[in-house]
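1. Fold the stuff below for me.
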Amino acid sequence: MAGVFEVEVDGVEHDHGLEHHNDANQFDVSKLSPEEKWRMEHAKMHAKHKGHEAMHAEMVLILIVTLVVAQLVLVQWKQRHPKSYNLVTLFQMWVVPLYFTTKLHWWRFLTTWFVFSVITAYISFRATRKPLACTTPSISVSFRLVYKWFLLLYKISYAIGIAGYSIVMFTLFGINLIFRIKPEDAMDFGVSLLFYGLYYGVLGRDFAEMCADFMASTVGYYSASGMPTKHLSDNICAVCGQPILVDVSEEGIIENTYRLSCNHVFHEFCIRGWCIVGKKQMCPYCKEKVDLKRMFSNPWERPHVMYGQLLDWLRYLVAWQPVIIGFVQGINYVLGLE
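-> Next up is the predicted model:
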């Protein structure tokens, strides 16, 4: 059924019982373009909130104070109880976008979210089950499976994020017009790719960190707090617990061997997964800080490190910002502000 919008003149609804006057003051909203509908709603919003300047200033003050207090609380929580903070943040990252996309009926995102959740749940189950500590072959297989999946996910999200960012920049420079693509279509596609890349990049790194902590502590050469339960030999990788078969000075067929500044040696695949995917910038055994710029001297590898830092910065925006905004809206509702 077509909607009808009645126009008010000078704040007073004019109705003198004349049919032609009513017809002049009414028009079919369904015939308007999306831009015209948006302008009409925007004008109605301004008319509704006219004269509320003091109330709006109070709402802005509440928002600023809440953001500052929330930031201080989150920083203290992270410093004093990092394990619970990381678990709650991971849960927020996983659930909050699901709520909004379900409400908006974004089925494409829900499909990718379901596939990601099923595969990651299986990988996390393999990484956290106790038989990991019983047999040496199961340790190697589980480590390879976990790091392969999360490293693959990390590279895919990195590529999708770069593609989305490139499309957004090309659209801003008008390159989309060469291919006769509408700016709004190109921008929507680029922003969607950028969102997918950043979201799954953040979520994958958080799951990888959790699995890396559990698996490395199960092997015994790593402990999140305190001393390791095993002594590390010179030819053993502290991440997976497997022997080092290739010397540091030799070129490996499948993978090379890395020696950190603390003189501990690791498989290339293990230490890359530990540092880049698992977000650990320290030696798994002695906890000495790892110089990532020295370890990844190839300039083509450094963007992966910088991309990982970008994902850490965006975690607060995705996980906690909607919660804080919802809390602010609750305060405004209780105080009768609108």
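2. can you confirm Glu251 is in a helix?
-> No. Glu251 is assigned coil when assessed by DSSP: H, G, I helix; E, B strand; the rest coil, not a helix.
3. how many neighbours does it have?
-> Glu251 has 8 neighbours, counted by other Cβ atoms under 10 Å. (Glycine included, C-beta is placed from N, CA and C.)
4. okay, the nearest residue to Trp149 once chain neighbours are set aside: pLDDT?
-> Spatial nearest neighbour of Trp149, excluding adjacent residues (Cβ to Cβ, 6 or more residues apart in numbering): Ile123 at 5.0 Å. In this prediction, Ile123 carries a pLDDT score of 86.
5. how about Ile123, phi and psi?
-> Per-residue torsions, Ile123: phi -60, psi -40 (degrees, to the nearest 10).
6. That one against Lys148, yeah?
-> No. Between Ile123 and Lys148 there is no contact, the gap being 9.3 Å when judged by Cβ atoms under 8 Å.
7. If you count surrounding residues, which of those two has more?
-> Ile123 (21 against 13).
8. Any figure for the gap between that one and Phe214?
-> Distance from Ile123 to Phe214, counting by Cβ to Cβ, to the nearest Å: 12 Å.
9. And for Leu145?
-> Separation of Leu145 from Phe214 (Cβ to Cβ) stands at 14 Å.
10. Same check on Leu98?
-> 24 Å.
11. go on, Ala159?
-> Noted for Ala159: a distance of 28 Å to Phe214, by Cβ to Cβ.
12. so who does the most centrally placed residue in the chain touch?
-> For the chain, the residue nearest the mean C-alpha position is Tyr199 (3.3 Å; Cα atoms, centre = their mean). For Tyr199, the contacting residues are Met93, Pro97, Val318, by Cβ atoms under 8 Å, 6 or more residues apart in numbering.
13. 6 Å - rerun?
-> If you count contacts by Cβ atoms under 6 Å, 6 or more residues apart in numbering, Tyr199 has none.
14. now swap in Ile62 and tell me
-> Going by Cβ under 6 Å, 6+ apart, Ile62 touches Ile331.
15. ok, and what's touching whichever strand or helix holds Ile324?
-> Ile324 belongs to helix 321-335 when assigned by DSSP states H and E. Contact with helix 321-335 is made by Met59, Ile62, Leu63, Thr66, Ala70, Val96, as judged by Cβ under 6 Å, 6+ apart.
16. what pLDDT does the second one get?
-> pLDDT for Ile62: 90.
17. Confirm that Cys240 lies within a helix, as I assumed.
-> No. Cys240 sits outside any helix when classified using three-state DSSP, being coil.
18. and Val168, how many residues sit next to it?
-> Residues lying near Val168 (other Cβ under 10 Å) number 16.
19. pretty sure it is touching Phe189, no?
-> No. Counting by Cβ atoms under 6 Å, Val168 stays clear of Phe189, with 9.2 Å between them.
20. where do the helices sit along the protein?
-> All helices of the chain, identified by DSSP state H, fall at 19-24, 34-48, 53-80, 82-104, 107-128, 136-172, 183-219, 268-272, 292-295, 302-319, 321-335.
21. helices or strands next to the fifth one in the packing?
-> For helix 107-128, the helices and strands in contact under the criterion 3 or more Cβ pairs under 6 Å, 6 or more residues apart in numbering; DSSP states H and E are helix 136-172, helix 183-219.
22. try 7 Å
-> Helices and strands touching helix 107-128, by 3 or more Cβ pairs under 7 Å, 6 or more residues apart in numbering; DSSP states H and E, are helix 82-104, helix 136-172, helix 183-219.
23. now swap in the fourth one and tell me
-> Judged by 3+ Cβ pairs under 7 Å, 6+ apart, helix 82-104 is in contact with helix 107-128, helix 183-219, helix 302-319.
24. and the second one, how far out from the chain's middle?
-> Helix 183-219 has its C-alpha centroid displaced from the chain centroid by 5 Å (Cα atoms, centre = their mean, to the nearest Å).
25. in that helix, what's buried?
-> Within helix 183-219, the residues that qualify as buried by neighbour count (16 or more other Cβ atoms under 10 Å) are 186-187, 189-190, 192-219.
26. tilt between it and helix 107-128?
-> With axes from the mean of the first three to the mean of the last three Cα atoms, to 10 degrees applied, the angle from helix 183-219 to helix 107-128 works out at 10 degrees.
27. just the angle between helix 183-219 and helix 136-172, please?
-> In terms of direction (the same axes, to 10 degrees), helix 183-219 departs from helix 136-172 by 160 degrees.
28. pLDDT on helix 183-219, on average?
-> For helix 183-219, the mean per-residue pLDDT is 84.
29. go on, the shortest one?
-> What helix 302-319 shows for mean pLDDT is 68.
30. what's the answer for stretch 150-162, then?
-> Stretch 150-162 comes out with an average pLDDT of 87.
31. Next, Gly336: phi, psi?
-> phi 80, psi 30.
32. Distance of it relative to Tyr200?
-> 41 Å.
33. circling back: between the helix holding Ile324 and helix 82-104, how many degrees?
-> Going by the same axes, to 10 degrees, helix 321-335 makes 70 degrees with helix 82-104.
34. Which residues in helix 321-335 does the neighbour count mark as buried?
-> In terms of neighbour count (16+ other Cβ under 10 Å), helix 321-335 has its buried residues at Ile324, Val328, Asn332.
35. Can you list phi and psi of Lys287 for me?
-> Torsion angles, degrees, to the nearest 10, at Lys287: phi 70, psi 20.
36. Right, I'll leave it there.
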